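# return a 3D structure for these sequence lines:
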Amino acid sequence: MEPISIIVHAVLTGLQFVADKGAGEMVKDAYANLKKHLLKKLDSHDLAGPRPDEKLEDWTSRLEQLIKTNGLDKDPALVANAERFLSLVTTTAKFNVNIHGSVKSFIQGDGSQINVSFIEPNKDK
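You can find the predicted model right below:
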């Protein structure tokens, strides 16, 4: 992927993922760091996402042009920040579970299913 695509993809992902209340602090911090780097050359309204009357494609094209015009796609530290953020998003688990103590059974997931069978003990004995 080209550096400009990485940066734009990271900004789009950040707008969607970080707004989700499930994003962890590490992901939020990585996106804040990415935005901070971008805001050295861009205005905050440029990173706020498309206006209500603007198509996503138009906003993305405008952001790409701003990145090119300001030479941000040639900034290796910015590209590294974008890649780091994207790797955190893709490797961050959806669920954050901390277990302390003994656990006999644990199930996690959106589509988890459990089948339980009860067997009555033999009463003849």
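# the protein: helices as residue ranges?
Remark: helices assigned in the chain by DSSP state H are 3-17, 25-38, 56-69, 76-91.
# make JSON lines from these and add mean neighbour count and distance to residue 101 to it.
All C-beta spots, glycine's among them, are computed from the backbone N, C-alpha and C. Formatted as JSON lines, the helices of the chain follow (neighbours: other Cβ atoms under 10 Å; distance: least, Cβ to Cβ, whole Å):
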{"stretch": "helix 3-17", "mean neighbour count": "19", "distance to residue 101": "32"}
{"stretch": "helix 25-38", "mean neighbour count": "17", "distance to residue 101": "25"}
{"stretch": "helix 56-69", "mean neighbour count": "14", "distance to residue 101": "47"}
{"stretch": "helix 76-91", "mean neighbour count": "16", "distance to residue 101": "27"}
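# out of those helices, nearest to residue 113?
Of all the helices of the chain, it is helix 76-91 that lies closest to residue 113, at 25.9 Å by Cβ to Cβ.
# now that closest one and helix 56-69, what's the angle there?
Interaxial angle of helix 76-91 relative to helix 56-69 (axes from the mean of the first three to the mean of the last three Cα atoms, to 10 degrees): 150 degrees.
# how far is helix 76-91 from where the chain is centred?
In terms of Cα atoms, centre = their mean, to the nearest Å, the gap separating the centre of helix 76-91 from the centre of its chain is 10 Å.
# and the spatially closest residue to residue 77 that is not a sequence neighbour, how close does it get to residue 10?
Nearest non-adjacent residue to residue 77, counting by Cβ to Cβ, 6 or more residues apart in numbering: residue 37, 6.9 Å away. As judged by Cβ to Cβ, to the nearest Å, residue 37 and residue 10 stand 10 Å apart.
# overlap in contacts, the two.
Common neighbours of residue 37 and residue 10 (criterion: Cβ atoms under 8 Å, 6 or more residues apart in numbering): residue 81.
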